[in-house]
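In: I'd like to go over a predicted model; first the sequence, then the structure.
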Amino acid sequence: MTFPDRSNAALAARDLRHLWHPCTQMHDHGRAGQGDVPMLPIVRGEGAWLVDADGRRYLDGISSWWTNLFGHANPRIAAALADQARRLEHVIFAGFTHEPAIELAETLVRIAPAGLERVFLADNGSAAVEVALKMSFHYWLNRGHGEKTRFIALTGSYHGETLGALSVSDVALYRKTYAPLLLTPFLAPSPDAYEGEPGESPAQVAARRLGDLRALLERHAHETCAVIVEPLVQCAGGMRMHHPDYLAGLRALCDEFDVHFIADEIAVGFGRTGTMFACESARVAPDFMCLSKGLTGGTLPLSAVLTTERVYEAFYAEYDAGKAFLHSHSYTGNPLACRVALETLAIFRDEPVLERNRALAAHLARRLAPLRDHPHVADVRQTGMIAAVELVADKATRRPFPSGERRGLRVYLHGLEHGALLRPLGNVIYFMPPYVVTADELDQLVDTAIRGIELAVR
Ligand SMILES: Cc1ncc(COP(=O)(O)O)c(C=O)c1O
């Protein structure tokens, strides 16, 4: 009797024969796994850890693409999922409904910024952004403003990679190739504090950038549906952070110029930045709030767009009026995903998650502080449970390392060798761990990153 080979090498070779992975130059892995970057088959998750087929463990420092909140294979979430699977796995969500979706909508409305009372479900972050963009445009059309066809996005923003979401994104790595296929947004300069003038505080950068946004709105509000932003942290754009004043000012400008405010909280929602939703830091409510990733604790794909009754009313009419929002995905409102989201929100209800995160975030800040003096570190920044270290070739001028040198990749490979999943964004090494991480585990993660940085900048 022969047993199939389930080693890392054997599974990686089988994977590379047929699969094509996201955000990856497959050549890095080589045709049979002999490339510079390993393909790692994961067989199990336990809390903040992932375990590969050879039994090696990796501390998930990036919450598996910012999705995981309460640990891998979380027993409470797994039990809810199993229970739901035995009852109802899926049902068409047009003309039919179910309790997990109903209760999820009720719960989201209860915890969201005031005024967001309608919930439209989709199944991933990019789809949520598509929904928000289309809904905003369609709202204005239904209100007799078909001339509003444009969007304002921030420089350095990232909202996903379907064509609409990519259209309002400004990360060249993802956008440049497809630019001929995309809508062209108006770009407002990001309030990113790292890009501020020397001596300027984050609040001053925010104020100056609000001036730029005002100028843009003065010229283009009449043709603009919405301004879309990632509140507090532009994640894929390099974990660039801004002052909450920008959000308060943005809300006021959107009201003044009659355009929508779309808050893409897909990466920053659910406690990541210190409050349940990042918009709370400025005590503002957007017109649309996109949620995904942490919504299911990182267990199943699901997204939600929350909006106002005012928006909903613009679509509510006799069928013949042709005003309905007909956007659909086959798996809209999937009961398994909704049930898992409910269990995730129940953990927030039952446990002092935000309080615990505050202590963890403070610990992380203390551990990263010494890096500020490193000759190749231009910035150490943090907002709640997101921390980032900006590596540069020259500290005085902040000249970046040429991207072709792939310094961040060296940190990634060092991390894997030493049991840590760190996946830098270019030359930005960041930490975005699951909330169940312990202080000791954070120490381990930071120590590995610091050693990796030493090797990478040589
Ligand atoms: C802010 C933001 N918006 C949208 C998306 C797209 O989400 P998804 O990858 O689920 O399509 C992401 C993904 O990283 C994101 O960070």
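Out: Ah, there it is. Numbering: from 1, shown residues only.
In: And the residue of this structure that's closest to the ligand?
Out: Closest contact between the chain and the ligand, by CB to the nearest ligand atom, is at Gly125 (2.1 Å). Bear in mind the C-beta positions are built from the backbone N, C-alpha and C, glycine included.
In: Quick check: the gap between the residue lying closest to His222 once chain neighbours are set aside and Leu217.
Out: Nearest residue to His222 in three dimensions, chain neighbours excluded: Glu147, at 6.7 Å (CB to CB, 6 or more residues apart in numbering). In this view, Glu147 and Leu217 are 15 Å apart by CB to CB, to the nearest Å.
In: Who has more neighbours out of these two?
Out: Neighbours were counted for Glu147 and for Leu217 using other CB atoms under 10 Å; Leu217 has more, 21 against 11.
In: other SSEs contacting the one helix or strand Ala79 maps to?
Out: Secondary structure from DSSP states H and E places Ala79 in helix 75-87. Secondary-structure packing of helix 75-87 (3 or more CB pairs under 8 Å, 6 or more residues apart in numbering; DSSP states H and E): helix 335-350.
In: how big is the angle separating the helix it packs on from helix 75-87?
Out: On the basis of axes from the mean of the first three to the mean of the last three CA atoms, to 10 degrees, helix 335-350 is oriented at 150 degrees to helix 75-87.
In: what sits up against helix 335-350?
Out: 69-70, 76-77, 80-81, 83-85, 87-91, 98, 100-101, 103-104, 107-108, 111, 121, 123, 270-271, 276, 294-297, 299-302, 331, 353-354 (CB atoms under 8 Å, 6 or more residues apart in numbering).
In: Give me the buried entries from those residues.
Out: 69-70, 77, 80-81, 84, 98, 100-101, 104, 107-108, 121, 123, 270-271, 276, 294-297, 299-302, 331, 353-354 (16 or more other CB atoms under 10 Å).
In: Just the residues you listed: which are in helices?
Out: With DSSP state H as the criterion, helices contain Ile77, Ala80, Leu81, Gln84, Pro100, Ala101, Leu104, Thr107, Leu108, Val353, Leu354 from among those.
In: ok, so what distance separates the fourth one from His90?
Out: According to CB to CB, Gln84 and His90 sit 10 Å apart.
In: Rounded mean pLDDT for stretch 18-28, please.
Out: Stretch 18-28 carries an average pLDDT of 97.
In: Next: stretch 325-332.
Out: 97.
In: How far does it sit from its chain's centre?
Out: The chain centroid and the centroid of stretch 325-332 are separated by 22 Å under CA atoms, centre = their mean, to the nearest Å.
In: can you check stretch 271-287 too?
Out: Remark: stretch 271-287 is offset 14 Å from the chain centroid, using CA atoms, centre = their mean.
In: what about it, how long is it end to end?
Out: Length of stretch 271-287, first residue to last, CA to CA, to the nearest Å: 20 Å.
In: buried set for it?
Out: The neighbour-count check on stretch 271-287 (16+ other CB under 10 Å) flags 271-282, 284-287 as buried.
In: quick one: contacts for Phe431?
Out: With contact set as CB under 8 Å, 6+ apart, Phe431 has these partners: Gly61, Ile62, Leu364, Leu368, Ile386, Ala387, Ala388, Leu422, Leu442, Leu445, Val446, Ala449.
In: any idea how far it lies from Glu197?
Out: Taken as CB to CB, the span from Phe431 to Glu197 is 28 Å.
In: element containing the residue nearest the centre of the chain, please.
Out: Geometric centre of the chain, nearest residue: Ala267, 2.3 Å, by CA atoms, centre = their mean. Ala267 belongs to no helix or strand when elements are defined using DSSP H and E.
In: Likewise for Glu454?
Out: helix 439-456.
In: what does that helix rub up against?
Out: Residues outside helix 439-456 that contact it (CB under 8 Å, 6+ apart): 48, 59, 61, 359-360, 363-364, 367-368, 371, 374, 376-377, 389, 391, 407-408, 410-412, 414-415, 418-420, 422, 429, 431, 433, 437.
In: So which of those sit within helices?
Out: Per DSSP H, those map to helices at 359-360, 363-364, 367-368, 407-408, 410-412, 414-415.
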